[in-house]
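Fold the following and give me the result.
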Amino acid sequence: DLLVSLGQAHKAILDIPDLGAQLQYPPGTMIYILDKVLEHGVLGWSDGKRIMIAHFVKDKVHDKQGIP
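As a prediction, this is how the structure comes out:
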């Protein structure tokens, strides 16, 4: 799935617990992630305004690739 972070001067943190990772997620960031495989979320943000757009991949794409 495609995640896009937009807004102004926010300090969001993208958490991917399965990898033990917490990543800076500033405005303008685009991330492709398999949400069926990796749990993820935004821990919170401070300052500014945040807009998040998520574009989800159809299940048929996952099925074709053998992703449960």
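
helix/strand/coil for the closest residue in space to Leu38 that isn't next to it in sequence?
Spatially, and ignoring its direct neighbours in sequence, Leu38 is nearest to Asp18 (5.0 Å; CB to CB, 6 or more residues apart in numbering). All C-beta spots, glycine's among them, are computed from the backbone N, C-alpha and C. Three-state assignment for Asp18 (DSSP: H, G, I helix; E, B strand; the rest coil): helix.

quick one: contacts for Asp18?
Val37, Leu38, Glu39 (CB atoms under 8 Å, 6 or more residues apart in numbering).

Would you map the strands across this structure?
Here the chain has its strands, by DSSP state E, at 2-8, 13-16, 21-24, 30-32, 41-42, 49-55.

Return the set of buried residues in the second one.
Of the residues in strand 13-16, those buried by neighbour count under the rule 16 or more other CB atoms under 10 Å are Leu14, Asp15.

Nearest to Gly66, out of the strands of the chain?
strand 30-32 (17.8 Å; CB to CB).

Given the closest one, what are its sheet partners and their directions?
Paired neighbours of strand 30-32 in the sheet (DSSP bridges): strand 2-8 (antiparallel).

So what's the model's average confidence on the partner strand?
Strand 2-8 shows an average pLDDT of 84 in the prediction.

how far is that strand from where the chain is centred?
From the chain centre to the centre of strand 2-8 is a distance of 9 Å (CA atoms, centre = their mean, to the nearest Å).

before we move on, the earlier item: make TSV from the strands of the chain and add distance to Gly66 to it.
What follows is the strands of the chain, written out as TSV (distance: least, CB to CB, whole Å):
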stretch	distance to Gly66
strand 2-8	21
strand 13-16	22
strand 21-24	25
strand 30-32	18
strand 41-42	25
strand 49-55	22
